[in-house]
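Student: what follows is a predicted structure for the sequence shown.
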Amino acid sequence: MRRRVATITLNPAYDLVGLCPDIVRGAVNRVQTAGLHAAGKGNNVAKVLRDLGIDVTVSGFLGEENQEGFQQFFSENNMVNRFHLVSGRTRINVKLTEKRGEVTDFNFSGFYVKEDEWNQFVSDSLMWAEQFDMIVVSGSLPEGITPELFTDWMMQLRQCCPCIIFDSSREALVAGLKASPWLVKPNRHELEIWAGKPLPDLDSVIDAARQLREKGIAHVVISLGEQGALWVNASGAWLAKPPACEIVSTVGAGDSMVGGLVYGLLMRESSEHTLRLATAVSALTVSQTNVGIRSRTELASMMSRIELTSVG
């Protein structure tokens, strides 16, 4: 039985990734270009899933003026394309990695989604959503879509497909959490914003994750950067720590983790195995210039180096 996943990226972007030893404000900075990729969080997730052999449908909005790179990306990766074209251009995000591994993002604005375009998307997505085992909703909101509209759509989407995986930030995160998705993956900073207080140690992060679960969210995964990832669900809590890796770019590391989580859940693996897999996929991503799994052997090797412990 083939398992089907859809990813929805309402506000995708072309990621222009570069390496700059030290960024000096007010000066000319020479940048080594690492790549220009058709991306956006859900599309990154879709790439990981396709590399793992999962059928993926992609959806969201694209600016019609510069859609070609995305159309090529979908075609090359055999993804079913349900994106809606709107007037204007899909944004470009510039991501510069310094020698210490720190990434500075410059996220530009893109297209505007009109009311009739949003209504058409909502109608279309709710019509096909029930065909899928899981739907990943990730990323920010484009101009024209209010948090209220987003919450309402997420609630309707969950009625069509109970297994909604959600990964976002800022106002979109707050709005999406109101729909109580099946799985959410904030990072520590985003969880602190939701909790309204600092979370200085692992116990405080676990407590906040359990508070989210009390809102009807079955799985809470917190990405902790170099410290790994925490997963809290009804069975317990686990912490996965990756080995030290040479960082080329952290772009897409969180999305890669989501892809690994979705794959493990689809395969009905244990929480421990799934978290180990997801952390390994994320760790591999930071050592390369683009999202994706180059070989299963490389993935298996990285999985063996993940330190996994039960923490509650």
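Tutor: In hand now; what should we look at?
Student: can you tell me the SS state at Leu16?
Tutor: Under DSSP: H, G, I helix; E, B strand; the rest coil, Leu16 falls in the strand class.
Student: any idea of the pLDDT on it?
Tutor: Per-residue confidence (pLDDT) for Leu16: 89.
Student: OK, contacts around Glu192?
Tutor: For Glu192, the contacting residues are 198-199, 208, by Cβ atoms under 8 Å, 6 or more residues apart in numbering. The way it works is simple: take the backbone N, C-alpha and C, and place the C-beta from them, glycine included.
Student: in strands, which of the residues you listed appear?
Tutor: In strands, defined here by DSSP state E, there are no members of the contacts of Glu192.
Student: any of those buried? List them.
Tutor: Among those, those that count as buried by neighbour count (16 or more other Cβ atoms under 10 Å) are 199, 208.
Student: out of the contacts of Glu192, which are inside helices?
Tutor: Ala208 (DSSP state H).
Student: which residue, neighbours along the chain excluded, lies closest to Met134?
Tutor: Leaving aside its sequence neighbours, Met134 sits nearest to Cys163 (Cβ to Cβ, 6 or more residues apart in numbering; 4.4 Å).
Student: how close does Ser310 sit to Ser270?
Tutor: Using Cβ to Cβ, to the nearest Å, we find Ser310 at a distance of 12 Å from Ser270.
Student: put the alpha carbons of stretch 282-299 into PDB.
Tutor: Taking only C-alpha atoms (Å, rounded to 0.1, in the frame of the first residue of the first chain), the coordinates of stretch 282-299 have been written out as PDB:
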ATOM      1  CA  SER A 282      18.700  17.200   9.700                       C
ATOM      2  CA  ALA A 283      22.400  16.600  10.700                       C
ATOM      3  CA  LEU A 284      23.200  15.600   7.100                       C
ATOM      4  CA  THR A 285      21.500  18.700   5.700                       C
ATOM      5  CA  VAL A 286      23.800  21.100   7.600                       C
ATOM      6  CA  SER A 287      26.900  19.500   6.000                       C
ATOM      7  CA  GLN A 288      25.700  20.200   2.400                       C
ATOM      8  CA  THR A 289      24.500  23.200   0.400                       C
ATOM      9  CA  ASN A 290      21.000  21.900  -0.300                       C
ATOM     10  CA  VAL A 291      18.200  19.900   1.200                       C
ATOM     11  CA  GLY A 292      18.000  16.200   0.400                       C
ATOM     12  CA  ILE A 293      19.400  12.700   1.100                       C
ATOM     13  CA  ARG A 294      22.300  11.700  -1.100                       C
ATOM     14  CA  SER A 295      22.400   8.100  -0.100                       C
ATOM     15  CA  ARG A 296      20.700   5.600   2.300                       C
ATOM     16  CA  THR A 297      24.100   4.400   3.400                       C
ATOM     17  CA  GLU A 298      25.100   7.800   4.500                       C
ATOM     18  CA  LEU A 299      21.800   8.200   6.300                       C
END
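Student: pLDDT averaged over that stretch - what is it?
Tutor: 75.
Student: same thing with stretch 221-239?
Tutor: Per-residue confidence for stretch 221-239 averages out to 88 on the pLDDT scale.
Student: quick one: end-to-end distance for that stretch.
Tutor: Across its full length, stretch 221-239 reaches 10 Å between end residues, using Cα to Cα, to the nearest Å.
Student: and the strands in this structure, which stretches?
Tutor: With DSSP E as the criterion, the chain has strands at 4-9, 13-19, 32-38, 55-63, 80-86, 91-97, 103-107, 134-138, 164-167, 183-184, 219-223, 229-233, 236-241, 307-310.
Student: who's in contact with Ala300?
Tutor: Under the criterion of Cβ under 8 Å, 6+ apart, Ala300 has no neighbours.
Student: before we move on, what about Val94?
Tutor: Contacts for Val94 (Cβ under 8 Å, 6+ apart) come out as 16, 18, 105-106, 108.
Student: over to Ser282?
Tutor: 223, 229, 242, 253-254, 256-257, 260.
Student: check Val56 too.
Tutor: Under the criterion of Cβ under 8 Å, 6+ apart, the neighbours of Val56 are 4-7, 46, 49-50, 77, 79-80.
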